[in-house]
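1. when you get a sec, could you give me coordinates for this:
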Amino acid sequence: MYLKTLTTIVALAASPVLADDLHNITEPTESKGITIEPLQKSDLVEQLPQFKGFDFRARRLTFAAGASFPKHNHAVRPGFVYVESGEIIESRNGVTRKFKAGDTWIETADTEHWIRNISDKDTVIIAVDLPKQK
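-> Next up, the predicted model:
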């Protein structure tokens, strides 16, 4: 419980101000307009044996204007996102927030969210996560 509360506090402190005008944006049903560039990937077992079966991965995702990624969870893939350029919205638990260049968010095991670029310019994010190996 303490960790969940602490994670929520950290996530809220790192997140931008909630935008009131975002509550009418519809949830996307498909992934579209996203280019994924792998930046780095490492097998964690060499560094931390308890993470056998997981990779440490960094990717650059470019969301074209109007691009979207549908609802998904991070139950077995926690991560951290940094907005490198542009603006993007992320919606979780019924709360939709706008992020701009320099903002971050955390994706914990209880995160279920969707993402959409509602601007007319590309948005670039850097996503670092711990996916299970395939």
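2. pLDDT at the residue nearest in space to the middle of the chain, what is it?
-> Nearest to the geometric centre of the chain sits Val81, at 4.9 Å (CA atoms, centre = their mean). Note on Val81: pLDDT of 98.
3. enumerate every residue touching it.
-> Val81 makes contacts with Thr104, Trp105, Ile106, Glu107, Ile125, Ile126, Ala127, Val128, as judged by CB atoms under 8 Å, 6 or more residues apart in numbering. To be clear about C-beta, it is placed using only N, CA and C from the backbone, and glycine gets the same treatment.
4. adding neighbour count, write the residues you listed out as JSON lines.
-> Listed next are these as JSON lines, based on neighbours: other CB atoms under 10 Å:
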{"residue": "Thr104", "neighbour count": "15"}
{"residue": "Trp105", "neighbour count": "22"}
{"residue": "Ile106", "neighbour count": "16"}
{"residue": "Glu107", "neighbour count": "22"}
{"residue": "Ile125", "neighbour count": "25"}
{"residue": "Ile126", "neighbour count": "16"}
{"residue": "Ala127", "neighbour count": "16"}
{"residue": "Val128", "neighbour count": "16"}
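5. confirm Val45 sits in a strand?
-> No. Looking at Val45 with DSSP: H, G, I helix; E, B strand; the rest coil, it is helix, so not inside a strand.
6. just checking, it touches Lys52?
-> Yes. Using CB atoms under 8 Å, Val45 is in contact with Lys52, at 4.5 Å.
7. which of those two has more neighbours?
-> Remark: of Val45 and Lys52, Val45 carries more neighbours, 14 against 11, as counted by other CB atoms under 10 Å.
8. and the more buried one, what's its pLDDT?
-> At Val45, pLDDT is 85.
9. could you do Val10 as well?
-> If you check Val10, the pLDDT there is 45.
10. same check on Leu6?
-> As predicted, Leu6 sits at a pLDDT of 43.
11. which one is Gln40 nearest to, not counting chain neighbours?
-> Nearest residue to Gln40, sequence neighbours excluded (CB to CB, 6 or more residues apart in numbering): Ala58, at 4.5 Å.
12. good, wrapping up.
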